[in-house]
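Novice: Sharing a sequence plus its predicted fold:
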Amino acid sequence: MLSQDEFETLRRKLEDMYGERVSGRKIQALRVNSGYRWQPPLYIEVGSYCANLTPDGPPEEIVAIFESRSFLVCTPEHGVKSGSPLIFTRADVKQVVDTEAPDRNIGPSPDTSDHE
């Protein structure tokens with residue numbers, strides 16, 4: 001798990017990389033149903049390894065999850081030591097669990113809910 005200073009440094013790096021605001025919201029996990037046919041439903045949790053993040057890629061350790069226009073999932077190979085974070089759209093994210101309230105499941109932000 002990142003220290004507060006490491007978290008902030010990475011958040012600012014992502015803001016510089018994308019030229020937009022990245023929230024300081026501490027996200028513990030995401031439940032994702034990706035639009036990619038090859039990608040099964042995922043539960044992506046900080047501190048755990050997650051498979052199927054990339055086609056035929058190995059399981060990767062989740063270092064941090066950030067919120068911007070989309071959700072930015074950082075692993076050592078994606079966003080931390082090198083490369084860009086893995087990006088999941090708001091439409092693909094079905095559930096967000098905050099670090100401060102890990103026992104409380106939080107649905108998508110109001111602007112991400114599906115309207116019928």
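Specialist: Alright, I've got the coordinates. Residues are numbered from 1 along each chain as shown.

Novice: going forward, measure contacts and count neighbours with C-alpha atoms only.
Specialist: OK.

Novice: for this protein, what spans make up the helices?
Specialist: Ranges of helices within the chain are 4-18, based on DSSP state H.

Novice: what are the ranges of the strands in it?
Specialist: Secondary structure of the chain, counting by DSSP state E: strands at 27-32, 42-45, 49-50, 60-61, 64-67, 71-74, 86-88, 93-98.

Novice: a markdown table for these, including mean neighbour count and distance to Asp5?
Specialist: Conversion of those to a markdown table gives the following (neighbours: other CA atoms under 10 Å; distance: least, CA to CA, whole Å):
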| stretch | mean neighbour count | distance to Asp5 |
| --- | --- | --- |
| strand 27-32 | 22 | 16 |
| strand 42-45 | 18 | 20 |
| strand 49-50 | 16 | 23 |
| strand 60-61 | 18 | 20 |
| strand 64-67 | 24 | 13 |
| strand 71-74 | 24 | 16 |
| strand 86-88 | 18 | 22 |
| strand 93-98 | 20 | 19 |
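
Novice: check contacts around the closest residue to Ser84 other than its chain neighbours.
Specialist: Spatial nearest neighbour of Ser84, excluding adjacent residues (CA to CA, 6 or more residues apart in numbering): His78 at 4.9 Å. With contact taken as CA atoms under 8 Å, 6 or more residues apart in numbering, His78 is in contact with 84-86.

Novice: switch the cut-off to 10 Å
Specialist: Contacts were defined as CA atoms under 10 Å, 6 or more residues apart in numbering; by that measure His78 touches 60, 62-63, 72, 84-87.

Novice: would you turn the residues you listed into JSON lines with pLDDT and distance to Arg31?
Specialist: Below are the contacts of His78 laid out as JSON lines (pLDDT from 0 to 100; distance: CA to CA, whole Å):
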{"residue": "Glu60", "pLDDT": "97", "distance to Arg31": "16"}
{"residue": "Ile62", "pLDDT": "98", "distance to Arg31": "13"}
{"residue": "Val63", "pLDDT": "98", "distance to Arg31": "16"}
{"residue": "Leu72", "pLDDT": "98", "distance to Arg31": "13"}
{"residue": "Ser84", "pLDDT": "96", "distance to Arg31": "20"}
{"residue": "Pro85", "pLDDT": "98", "distance to Arg31": "17"}
{"residue": "Leu86", "pLDDT": "97", "distance to Arg31": "14"}
{"residue": "Ile87", "pLDDT": "96", "distance to Arg31": "13"}
